[in-house]
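A.B. asks: show me how the following folds:
(one chain, ligands or ions: 1)
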Amino acid sequence: MDANPSPTQLATQAAAALAERTGIDRHDIALTLGSGWAGAVDLIGETVAEIPASEIPGFSASGVHGHTGTLRSVRMPSGRHALLIGARTHLYEGRGVRAVAHGVRTAAAAGVRILILTNGAGSAKSEWPAGTVVLVCDHLNLTARSPLEGAAFVDLADAYSPRLRALARQVDPSLPSGVYAQLPGPHYETPAEIRMIRALGGDLVGMSTALETIAAREAGLEVLGLSLVTNPAAGVAQERIDHLALMAESRNAAPRIARLLADIVARIDGENDE
Ligand code: 8IG
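C.D. replies: Residues are numbered from 1 along each chain as shown. Predicted structure coming up:
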């Protein structure tokens with residue numbers, strides 16, 4: 001095995017290990033479940049294998065409370081398989097952009113064509129209180145980083161698939177859509193930064209999804225982004241942002257958004273029969 005593999009080689013090794021450990025040669029849909037979204041797993045299908053991510057090449061155990069740190073293979077009612085990436089690496093963990101993109105690249109190497117990225121986010125819009133689910137329609141990458149290396153001039157117009165957004169809206173026509181601004185974190189924003197982001201056209205703020213989407217588009221995946229608003233962004237409401245309050249908010253929303261996400265996955269997977 002190459003001691004210094006490229007990101008693609010490492011993802012290929014990870015996908016081979018995943019196939020061996022799960023017994024599933026090919027996955028069709030992958031999901032990364034962010035804050036509040038984990039409850040969807042058992043509604044999507046039957047778990048056929050759950051592997052600690054630290055046992056798959058290129059992954060390390062997640063350091064963030066509320067993130068599970070496993071890779072799960074779930075058999076959907078169609079018989080096709082979803083890969084649940086419960087091992088998101090954030091840029092603020094300091095492991096670099098390769099680690100951030102590794103889960104996405106592993107999914108692509110495992111055969112996945114459709115990637116559903118979920119997250120918890122702050123809302124820059126007072127009309128979207130905590131508990132609101134928003135379809136991501138575009139992003140502002142405010143990290144000043146790219147997960148891509150070399151001359152990878154990837155087109156990011158319609159990075160968040162209009163087709164998948166339309167399918168999600170068939171499940172819930174009331175879903176609003178918004179622009180996700182990714183910041184490096186781990187601190188939250190200042191009120192002045194939120195005013196800046198709003199002026200730039202951002203509606204949601206978070207620390208994960210834009211870089212993952214860029215890596216996914218390079219790999220040719222179709223992306224659906226779903227944000228759960230867990231807090232008004234800084235300066236949008238009276239209360240201060242508090243990590244424990246955010247976790248409580250996402251727990252409250254959990255059953256409702258789990259059902260929503262599972263229904264969206266079923267709708268998307270159902271397209272493969274038609
Ligand atoms: I949950 O208000 C969650 N993640 N940057 N700002 C940023 N990330 C977040 C926030 C927030 N809430």
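A.B. asks: and the longest helix anywhere in the chain, how far from the chain's centre?
C.D. replies: Longest helix in the chain, counting residues (DSSP state H): helix 243-271. Remark: helix 243-271 is offset 12 Å from the chain centroid, using Cα atoms, centre = their mean, to the nearest Å.
A.B. asks: how about stretch 94-111?
C.D. replies: Using Cα atoms, centre = their mean, the offset of stretch 94-111 from its chain centre is 12 Å.
A.B. asks: which residues are contacting that stretch?
C.D. replies: For stretch 94-111, the external contacting residues (Cβ atoms under 8 Å, 6 or more residues apart in numbering) are 7-8, 10-12, 14-15, 18-19, 25-28, 30, 32, 56, 58-60, 71, 83, 85, 87-91, 93, 115, 145-147, 211-212, 214-216, 219-221. Using the backbone N, CA and C atoms, a C-beta is placed for each residue, glycine as well.
A.B. asks: coming back round to it: could I get the buried residue list for the longest helix of the chain?
C.D. replies: The neighbour-count check on helix 243-271 (16 or more other Cβ atoms under 10 Å) flags 246, 249-250, 253-254, 257-258, 260-266, 268-269 as buried.
A.B. asks: wait, which of those residues is closest to I51?
C.D. replies: Looking at the buried residues of helix 243-271 and their distance to I51, the nearest is V265, at 20.4 Å (Cβ to Cβ).
A.B. asks: now that closest one. Nearest residue, chain neighbours left out?
C.D. replies: In this structure, V265 finds its nearest non-sequential neighbour in I44, 5.2 Å apart by Cβ to Cβ, 6 or more residues apart in numbering.
A.B. asks: and the pLDDT at R251?
C.D. replies: Note on R251: pLDDT of 77.
A.B. asks: that one contacts G36, doesn't it?
C.D. replies: Yes. If you go by Cβ atoms under 8 Å, R251 and G36 touch, sitting 7.2 Å apart.
A.B. asks: identify the bridge partners of L140.
C.D. replies: Here L140 sits in beta bridges with A181, as judged by DSSP bridges.
A.B. asks: quick check: the gap between the most centrally placed residue in the chain and N231.
C.D. replies: With distances taken as Cα atoms, centre = their mean, L117 lies nearest the centre of the chain, 2.5 Å away. L117 sits at a distance of 19 Å from N231 (criterion: Cβ to Cβ, to the nearest Å).
A.B. asks: what do you get for R251?
C.D. replies: In this view, R251 and N231 are 13 Å apart by Cβ to Cβ.
A.B. asks: what do you get for G96?
C.D. replies: Taking Cβ to Cβ as the measure, G96 falls 28 Å from N231.
A.B. asks: before we move on, what about D155?
C.D. replies: Taken as Cβ to Cβ, the span from D155 to N231 is 33 Å.
A.B. asks: number of nearby residues for the residue in the chain positioned nearest to the ligand?
C.D. replies: Here the chain gets closest to the ligand at one residue, G122, 2.3 Å apart by Cβ to the nearest ligand atom. Neighbour count of G122, defined by other Cβ atoms under 10 Å: 27.
A.B. asks: before we move on, what about E127?
C.D. replies: Neighbour count for E127, taken as other Cβ under 10 Å: 8.
A.B. asks: residue boundaries of the helices in the stretch 1-150 of the chain?
C.D. replies: With DSSP state H, counting those that start in this stretch as the criterion, the stretch 1-150 of the chain has helices at 7-22, 41-44, 96-109.
A.B. asks: any idea which of the ones you listed is most buried?
C.D. replies: Comparing those by mean neighbour count (mean count of other Cβ atoms under 10 Å), helix 96-109 ranks first with a mean of 24.
A.B. asks: between that helix and helix 7-22, how big is the angle?
C.D. replies: 50 degrees (axes from the mean of the first three to the mean of the last three Cα atoms, to 10 degrees).
A.B. asks: A266 contacts M76, doesn't it?
C.D. replies: Yes. Contact criterion Cβ under 8 Å: A266 and M76 qualify, at 7.4 Å.
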